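Asker: give me the fold of what follows.
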Amino acid sequence: MVTGIRSRSAYLRKIAIDGYVIHLDYAYLKEHTRQIRMVGININQIAHHLNATGEIYKADLDSIKKMLEEIWRLQRSILSSLR
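Answerer: Alright, predicted model coming up:
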């Protein structure tokens, strides 16, 4: 079903109780979630390296900054589409 409710009886109960069914599609958030997960993984790897060696590389910091900029771009895009 388009509504996301797979059972006919669940659909009919929802209609009987509320009078309507609202289906929200959050598929566009998958890329946003993936980007955040990638940044978290990279930060974790950099933290392990820092703890092991006591050094941090400028390239690692630049990579994190670039990914954070992409996350903010996606965030702005999502928020503007919700208006």
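Asker: could you use CA atoms for every contact and neighbour count after this?
Answerer: Noted.
Asker: from Ile15, how far off is Gln75?
Answerer: Computed as CA to CA, to the nearest Å, the Gln75 to Ile15 distance reads 33 Å.
Asker: pull the residues that contact stretch 53-68.
Answerer: For stretch 53-68, the external contacting residues (CA atoms under 8 Å, 6 or more residues apart in numbering) are 35, 39, 42-43, 46, 49-50.
Asker: restricted to helices, list those.
Answerer: Counting by DSSP state H, the contacts of stretch 53-68 place 35, 39, 42-43, 46, 49-50 in helices.
Asker: let's have those residues in JSON lines, adding neighbour count, distance to Ile22 and pLDDT.
Answerer: As requested, the ones in helices among the contacts of stretch 53-68 are exported to JSON lines (neighbours: other CA atoms under 10 Å; distance: CA to CA, whole Å; pLDDT from 0 to 100):
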{"residue": "Gln35", "neighbour count": "17", "distance to Ile22": "28", "pLDDT": "82"}
{"residue": "Val39", "neighbour count": "18", "distance to Ile22": "33", "pLDDT": "85"}
{"residue": "Asn42", "neighbour count": "17", "distance to Ile22": "37", "pLDDT": "85"}
{"residue": "Ile43", "neighbour count": "16", "distance to Ile22": "38", "pLDDT": "85"}
{"residue": "Ile46", "neighbour count": "18", "distance to Ile22": "43", "pLDDT": "85"}
{"residue": "His49", "neighbour count": "14", "distance to Ile22": "47", "pLDDT": "87"}
{"residue": "Leu50", "neighbour count": "13", "distance to Ile22": "48", "pLDDT": "85"}
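Asker: returning to what we had before: and the contacts of stretch 53-68 as a markdown table, adding distance to Glu69?
Answerer: As requested, the contacts of stretch 53-68 are arranged in a markdown table below (distance: CA to CA, whole Å):
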| residue | distance to Glu69 |
| --- | --- |
| Gln35 | 10 |
| Val39 | 11 |
| Asn42 | 14 |
| Ile43 | 15 |
| Ile46 | 18 |
| His49 | 23 |
| Leu50 | 23 |
